[in-house]
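**Student:** need coordinates for the following:
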Amino acid sequence: MVPLSHYLALSAVLFTIGVLGVLTRRNAILVFLSIEIMLNAVNLSLVALTRATGNLDGQVTVFFVITVAAAEAAVGLAIVVAMFRRRETVDIGRFDVLRG
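**Tutor:** Sure thing, here's the model as predicted:
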């Protein structure tokens, strides 16, 4: 059996990759992908911790996180498509909605 520390280390690495992706990328689609990586890192740690403790509350929470991530992806992609049609780019620096 794989020890809990391995799961938590992998989760920390995935979350760090996601944070770096959000902070360094200017492409909106890659930023949303990085956010999904961070959410999956949290899901991995929740499942690993609930398996180690024997409590199923964390696994139920994972289903809600997956649902929110799917909704976030759908809404985010719709916003990116709308902005691409208007500005013809997915560069976050060019998303100046307030100026019209």
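**Student:** hmm, who's touching stretch 57-76?
**Tutor:** Contact partners of stretch 57-76, identified using C-beta atoms under 8 Å, 6 or more residues apart in numbering, comprise 28, 32, 35, 36, 39, 40, 42, 43, 46, 47, 49, 50. Any C-beta I mention is one placed from the backbone N, CA and C, and that applies to glycine too.
**Student:** just the ones of these in helices?
**Tutor:** Counting by DSSP state H, these place 28, 32, 35, 36, 39, 40, 42, 43, 46, 47, 49, 50 in helices.
**Student:** for residue 36, see how far away the residue nearest to the fifth one when sequence neighbours are not counted is.
**Tutor:** It refers to residue 39. Spatial nearest neighbour of residue 39, chain neighbours left out: residue 69 (4.7 Å); criterion: C-beta to C-beta, 6 or more residues apart in numbering. The gap separating residue 69 from residue 36 is 6 Å, by C-beta to C-beta, to the nearest Å.
**Student:** same deal with residue 61?
**Tutor:** 17 Å.
**Student:** check residue 74 too.
**Tutor:** Applying C-beta to C-beta, the value for residue 74 to residue 36 is 12 Å.
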